[in-house]
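> Structural data only, the sequence is not supplied:
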C-alpha cells in the first residue's frame, strides 16, 4: 500500500498531470451551462455575422431583412462590412454553428475548445522559460483557475483565440530559447 501511495504522489507531482488537470478543469467549468443563457450583446454580433457567412458565403451585416447595427453600426463601412473587428472570430463561430447548430452552444463551443487548448499550449510553452521541470505545469494551472480566464473563454468572441495564439507564440519562442541554450 505504501508503494502504491508513493506512486500516486509521484504521478500527481508530474507537470503533465498538472497541465491535464488544468485542461479538463477548464473544459468542465466552461461547458457547464454553456447554452443556459442567451448571447451577450457582443456575442450576438459575432453569431449574426457567422450566420450571415453560413447563409450568404460572405461577411456582411445585411442578412436580407435586417442590418447588424451593433453599437450604432460604427464598425461597418459603406458596404456593410465590419472593418473594425478581425474576421477570424466569425469564421470560428460559423464553423461551430455548422457542426453543432445555429444556437448558443454551436457558436460558443469552438471558443471553449481554443481556450482549453491554450492551457495545454501554455504548459508546453513553460518548458522553454522555466528551468525547473517540476514547475512546468504551474502556468497552466494558474491560467486554468483564473476567474477572468474562465469568464471570458466560453464567450463567442476573440478572447480565447487571443489566449490561444499568445500561448502558441510563447511556446514557439520558448522552444527557440530552449534549442538555442541546448546548442551552446
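Thanks, I have it. Bear in mind that the values here come from a model prediction, so they are computed numbers and not experimental data. Residues are numbered from 1 along each chain as shown.

> can you pull the pLDDT of the residue nearest to residue 130 when sequence neighbours are not counted?
Excluding the flanking residues, the one nearest residue 130 by CB to CB, 6 or more residues apart in numbering is residue 136, at 5.8 Å. C-betas here are computed from N, CA, C, even on glycine. For residue 136, the pLDDT comes out at 84.

> Then the one 4 residues further on?
In this model, residue 140 is scored at 91, pLDDT.

> Now residue 135, what are its backbone angles?
The phi/psi pair for residue 135 (degrees, to the nearest 10) reads phi -100, psi 0.

> so how far is residue 129 from it?
Distance, residue 135 to residue 129, by CB to CB, to the nearest Å: 10 Å.

> Now do residue 172, the pLDDT please.
On the pLDDT scale, residue 172 is placed at 91.

> Apologies, that question was intended for residue 5.
Note for residue 5: predicted pLDDT of 64.

> One more: residue 45?
The predicted local confidence for residue 45 is 90.

> And residue 162, by the same measure?
With respect to pLDDT, residue 162 scores 95.

> With residue 34 instead?
Note on residue 34: pLDDT of 87.

> what about the closest residue to it other than its chain neighbours, distance to residue 47?
Spatial nearest neighbour of residue 34, excluding adjacent residues (CB to CB, 6+ apart): residue 108 at 5.3 Å. Separation of residue 108 from residue 47 (CB to CB): 9 Å.

> what sits in contact with each of these two?
Both residue 108 and residue 47 are contacted by residue 156, under the criterion CB atoms under 8 Å, 6 or more residues apart in numbering.

> Looking at those two, which one has more neighbours?
residue 108 (28 against 24; other CB atoms under 10 Å).
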